[in-house]
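**Q** pasting a predicted model and its sequence here:
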Amino acid sequence: MSTAVTDNTNRLSITKTGGKMVADYWDNIFTARERGQKVVWYNGSSVNPFFQAAGLAWCHGEAFSARLAAQHLERPAQLAAEEAGYIGELCSYSRTHLGCAVLTRESGHASGTGVVGLPAQQELASRLPAPDFFVNAYAGCSTGQQWDDISFRVFGKEVPIFNVSLPYLAAGKPGAGYLVGEEWEQASRYVADQLLELVSFIESMTGQPFDWDALRQNMAYIKRASELRREAMALCAQAPTPATFFDWIASIAHINFLPASQELVDYFAAVKAEIELRIAEGVPAVRNERYRVYFDGFMNWNKLGFLARKFADHDVAVIAGRYTHQAFWQEPHLIDPENPLLGMAQHYLLCPTNHGTKTIKQLVLRDCEQYGVDGIVFHSTRTCRAFTNPQRLVAKAAQRELGIPSIFFEGDVADASFYKDEILESRLVAMLEGIDVRRSRAGNTSV
């Protein structure tokens with residue numbers, strides 16, 4: 001049972017334009033066969049600029065699972081996965097996408113149009129074209145590294161697959177840390193060398209020489225889009241904040257897997273411009289902001305709008321999060337469009353699940369200080385141990401070093417059955433009451 005909430009959110013209006021961009025992208029995927037395009041399924045890192053340069057259509061597995069969940073269309077695919085033997089504790093991103101693979105195979109379209117079918121057509125969970133090949137480039141998650149291998153088996157081991165190995169950045173040696181140290185330099189070169197092999201693999205799949213100039217142009221667009229995105233995020237340290245974590249969630253698709261283009265750059269320029277205008281006019285993202293919190297965890301896509309409204313109903317502005325602020329081309333200064341491979345390799349290593357706890361604590365606490373947060377909400381994603389493993393240690397560090405309290409609630413990325421609203425409601429109210437007590441003692445009753 002979910003607690004009734006009012007809507008005190010004030011979402012960025014540009015997200016409507018952004019939504020159309022995402023819808024157009026998926027329509028383009030669904031019709032790829034009609035245009036004679038080859039299709040690649042991939043998971044993990046944003047290797048799509050390579051696919052774009054090669055003239056391919058690309059489907060990101062997590063992204064499609066998230067889209068189904070956000071539209072509440074995930075259950076048919078998940079049921080197909082369960083019937084195929086994939087247990088409910090398996091990462092629900094992978095379970096949903098594997099269900100799509102099973103449905104594709106069973107529909108008889110694996111070598112035809114590739115349209116995912118269901119007995120009841122009105123309940124279509126997916127319209128993905130079957131893959132011509134797979135690419136896996138997953139950091140910090142053992143499930144992700146096996147996901148495409150299992151998909152490879154679903155399709156009878158007949159669809160070629162390429163794996164990019166991404167070393168875990170433990171940062172346990174002296175001098176090792178975020179973007180520094182011998183471990184970082186060695187891992188960066190190791191991955192960059194594999195990207196050259198990936199290009200050769202793509203050439204063998206397409207039968208065409210790779211277009212390096214197109215890749216350079218793609219990365220120039222991505223670098224500029226990322227710069228604008230990071231600049232806009234920094235503006236949200238303003239109180240009251242002009243945009244929230246949920247606005248940045250709405251823009252993940254764009255920076256993660258949409259085509260690199262001037263349209264992408266223009267979109268993030270418009271995001272930044274709207275945020276600047278809100279600051280100038282005093283327009284908040286939450287109508288009565290009294291508390292500022294940090295969200296640590298993947299998004300619960302089934303509850304996206306509901307959670308945005310729930311927090312705002314309690315006068316809470318969710319300012320930032322590890323998922324949005326520590327991923328997706330988040331260090332644009334590393335990108336050299338003229339020689340893009342090293343900077344791309346380094347970003348593939350910077351997945352927020354690919355760091356040791358020391359680095360994760362450093363980055364989360366840095367964000368908490370930058371955005372002036374009052375508390376942390378940890379989404380203990382039931383089927384993603386990679387993200388949840390360090391959370392208790394991070395919570396203790398935030399309390400010990402910054403005096404910031406935290407709460408935990410359980411949910412999931414794409415399986416709605418794991419979310420229990422009563423738990424989040426009671427724990428959130430308790431944390432906010434504690435913040436009020438501390439403010440009262442300090443003589444401060446507002447943000």
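**A** Arrived safely, thanks for sending.
**Q** show me the shaky parts of the stretch 251-400 of the chain.
**A** Along the stretch 251-400 of the chain, no part satisfies pLDDT under 70.
**Q** what about the strands in it?
**A** Along the stretch 251-400 of the chain, counting by DSSP state E, counting those that start in this stretch, strands occupy 291-296, 316-321, 375-381.
**Q** how about the helices of the stretch 101-250 of the chain, start to end?
**A** All helices of the stretch 101-250 of the chain, identified by DSSP state H, counting those that start in this stretch, fall at 142-154, 182-206, 212-235, 245-249.
**Q** now tabulate the ones you listed in TSV and tack on distance to K396 and mean pLDDT.
**A** Where C-beta positions appear, they are placed from N, C-alpha and C, glycine not excepted. Formatted as TSV, the helices of the stretch 101-250 of the chain follow (distance: least, Cβ to Cβ, whole Å; pLDDT from 0 to 100):
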stretch	distance to K396	mean pLDDT
helix 142-154	25	87
helix 182-206	25	98
helix 212-235	26	98
helix 245-249	22	98
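**Q** thinking again about what came up before, closest one to A137 among the strands of the stretch 251-400 of the chain?
**A** Nearest of the strands of the stretch 251-400 of the chain to A137, taken as Cβ to Cβ: strand 375-381 at 20.9 Å.
**Q** what residues of stretch 200-211 count as buried?
**A** Within stretch 200-211, the residues that count as buried by 16 or more other Cβ atoms under 10 Å are F201, I202, M205, T206, F210.
**Q** hang on, isn't the fourth one packed against Q37?
**A** No. The criterion here is Cβ atoms under 8 Å, and T206 misses it with Q37 at 10.1 Å.
**Q** could you count how many residues lie near R287?
**A** Number of residues near R287 (other Cβ atoms under 10 Å) recorded here: 16.
**Q** hang on, I meant A280
**A** Using other Cβ under 10 Å, A280 has 9 neighbouring residues.
**Q** any idea how far it is from A237?
**A** According to Cβ to Cβ, to the nearest Å, A280 and A237 sit 16 Å apart.
**Q** on that earlier part again, which residues are in contact with both of T206 and Q37?
**A** The overlap between the contact sets of T206 and Q37 (Cβ atoms under 8 Å, 6 or more residues apart in numbering) consists of G55, L56.
**Q** quick revisit: out of the strands of the stretch 251-400 of the chain, nearest to Q194?
**A** strand 375-381 (28.4 Å).
**Q** where does the prediction get shaky in the stretch 1-150 of the chain?
**A** 1-5, 107-126.
**Q** now with 50?
**A** In the predicted model of the stretch 1-150 of the chain, residues 109-124 satisfy pLDDT under 50.
**Q** most tightly surrounded among the strands of the stretch 251-400 of the chain?
**A** Per residue and on average, the most neighbours among the strands of the stretch 251-400 of the chain fall to strand 316-321, with a mean of 28 (mean count of other Cβ atoms under 10 Å).
**Q** so that strand versus strand 291-296, what angle?
**A** For strand 316-321 against strand 291-296, the angle by axes from the mean of the first three to the mean of the last three Cα atoms, to 10 degrees is 40 degrees.
**Q** identify all contacting residues around strand 316-321.
**A** Identification of contacts with strand 316-321 by Cβ under 8 Å, 6+ apart yields 233, 236-237, 240-241, 244-246, 248, 284-286, 289-297, 308, 311, 367, 370-373, 377, 428, 432.
**Q** now the buried members of those.
**A** Buried by 16+ other Cβ under 10 Å: 233, 236, 240-241, 244-246, 248, 284-286, 289-297, 308, 311, 367, 371, 373, 377, 428, 432, out of the contacts of strand 316-321.
**Q** what ranges do the helices span in the stretch 251-400 of the chain?
**A** 252-256, 262-281, 304-313, 322-325, 341-349, 357-371, 385-388, 391-402.
**Q** so which of the helices of the stretch 101-250 of the chain gets nearest H60?
**A** When the helices of the stretch 101-250 of the chain are compared by Cβ to Cβ, helix 142-154 sits nearest H60, at 11.6 Å.
**Q** relative to the whole chain's centre, how far out is that closest one?
**A** 19 Å (Cα atoms, centre = their mean, to the nearest Å).
**Q** what do you get for stretch 82-97?
**A** Between the centre of stretch 82-97 and the centre of its chain there are 19 Å (Cα atoms, centre = their mean).
**Q** show me the contact partners of that stretch.
**A** Around stretch 82-97, the neighbours that count as contacts under Cβ under 8 Å, 6+ apart are 43, 61-62, 64-66, 68-69, 74, 77-78, 81, 98-99, 102, 141, 143-144, 147, 150-151, 154, 382-384, 412-415, 417.
**Q** go again using 6 Å as the cut-off
**A** With Cβ atoms under 6 Å, 6 or more residues apart in numbering as the test, stretch 82-97 has contacts from 61-62, 65, 74, 77-78, 81, 98, 102, 143, 147, 383-384, 412-415.
**Q** returning to that earlier point: closest to T6 out of the strands of the stretch 251-400 of the chain?
**A** Nearest to T6, of the strands of the stretch 251-400 of the chain and by Cβ to Cβ, is strand 316-321 at 13.2 Å.
**Q** where does the closest one sit relative to the chain's centre, distance-wise?
**A** Here the centre of strand 316-321 is set off from its chain's centre by 16 Å, with Cα atoms, centre = their mean.
**Q** could you do stretch 421-430 as well?
**A** Distance, centroid of stretch 421-430 to centroid of chain: 25 Å (Cα atoms, centre = their mean).
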